[in-house]
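In: Show me how the following folds:
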Amino acid sequence: METTEIGNRAEFALWAIQRAQEIVTNEGATFALAARDMDEEAIASSAAELGKAIADSMLEVFDGLLAD
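Out: Prediction:
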């Protein structure tokens, strides 16, 4: 995992935007395909993975704050 130092709000905003783009790129396609196919089980599964990726990212930031 890559470490990023965030020194101000602008850097945090930039990191958050980039991280959101990564999450949507990695997890969003599966969700979109499931929605297109109207596969409720796949929608639920991919939505859970998308939510997990978001939660993991938030915890990553929180853990970084605790290290200081």
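In: where do the helices sit along the protein?
Out: Remark: helices assigned in the chain by DSSP state H are 9-23, 29-37, 40-66.
In: For Thr3, find the nearest of those helices.
Out: helix 40-66 (8.2 Å; Cβ to Cβ). Placement of C-beta: from N, CA and C, glycine included.
In: can I get the helices of the chain in JSON lines with mean pLDDT, distance to Glu2 and mean neighbour count?
Out: Formatted as JSON lines, the helices of the chain follow (pLDDT from 0 to 100; distance: least, Cβ to Cβ, whole Å; neighbours: other Cβ atoms under 10 Å):
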{"stretch": "helix 9-23", "mean pLDDT": "85", "distance to Glu2": "11", "mean neighbour count": "12"}
{"stretch": "helix 29-37", "mean pLDDT": "85", "distance to Glu2": "22", "mean neighbour count": "14"}
{"stretch": "helix 40-66", "mean pLDDT": "83", "distance to Glu2": "11", "mean neighbour count": "13"}
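In: want to throw those into CSV with distance to Thr3?
Out: As requested, the helices of the chain are exported to CSV (distance: least, Cβ to Cβ, whole Å):
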stretch, distance to Thr3
helix 9-23, 11
helix 29-37, 27
helix 40-66, 8
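In: from what I can see Ser46 touches Phe31, true?
Out: Yes: under the criterion of Cβ atoms under 8 Å, Ser46 makes contact with Phe31 at 4.1 Å.
In: measure stretch 17-29 end to end?
Out: With Cα to Cα, to the nearest Å as the measure, the ends of stretch 17-29 fall 18 Å from one another.
In: Could you give the separation of it from the chain centroid?
Out: 6 Å (Cα atoms, centre = their mean, to the nearest Å).
In: same deal with stretch 5-12?
Out: On Cα atoms, centre = their mean, the centre of stretch 5-12 falls 18 Å from that of its chain.
In: mind checking how far Glu2 is from Phe31?
Out: Counting by Cβ to Cβ, to the nearest Å, the separation of Glu2 from Phe31 is 25 Å.
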